[in-house]
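Engineer: predicted coordinates and the sequence they were generated for:
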Amino acid sequence: MSEELKFHQVAYVVKDLDKAVKHWADDLGIGPWTVYTLKSPGLKNCVYKGQATDFGIRHAMAFSGNLQFELVEPLHGPSIFRDQLDSTGEGMNHVGCIVQDHPAAVADFIARGFTPLQSAAGFGAEGDGAFAYFQPPDGISAIVELISPPKVRIQPDYIYPAPEGK
């Protein structure tokens, strides 16, 4: 293994992101949620199960202590999120970890028998950032996301609940 993985994120697939954000904030006390839309032309190099494609998602992120929760709603195109909604419905989808060298971490996963499922890059305000999802070789544990966050994030669609004075 090229670097020690430090998982910090648990992600759920949802049908209606706005409704889910409101529920997680109002009913569970998790938030504030920062909501983004990721799609072309900002989302580049989209690959789904080995094939170049185009997909779009809306996602929201919030922390509870040191744990980041992510909610993902598929918008268009093939994706692991659409697959889950169509087969088993809403629920946990993956665990994520930030990696320092994304290409090396991806190569390491492939060398160790992880199956690439989906990936994309370029979603940051400066065209950086990358993510890749893998099925572990045992097929039992959750999908794993390797994340290279962008230096500067794009402007969010909104934050819920809105910061005071906004």
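Structural biologist: Yes, it's here. Residues are numbered from 1 along each chain as shown.
Engineer: past the strand or helix carrying residue 105, which element shows up next along the chain?
Structural biologist: For residue 105, the host element (DSSP states H and E) is helix 102-111. Sequence order places strand 115-121 as the next helix or strand after helix 102-111, per DSSP H and E.
Engineer: give the next helix or strand downstream of that following strand.
Structural biologist: Moving toward the C-terminus from strand 115-121, the next element (DSSP H and E) is strand 130-135.
Engineer: what does whatever helix or strand comes next after that following strand contact?
Structural biologist: Remark: after strand 130-135, the chain's next helix or strand is strand 143-148, criterion DSSP H and E. Residues external to strand 143-148 that are found in contact with it (C-beta atoms under 8 Å, 6 or more residues apart in numbering): 5, 9, 11, 80, 93-99, 102, 105-106, 109, 114, 117, 128-136. Backbone N, C-alpha and C define where each C-beta goes, glycine included.
Engineer: strand 143-148: partners in the sheet, and parallel or antiparallel?
Structural biologist: Paired with strand 143-148 in the same sheet, following DSSP bridges, are strand 91-98 (parallel), strand 130-135 (antiparallel).
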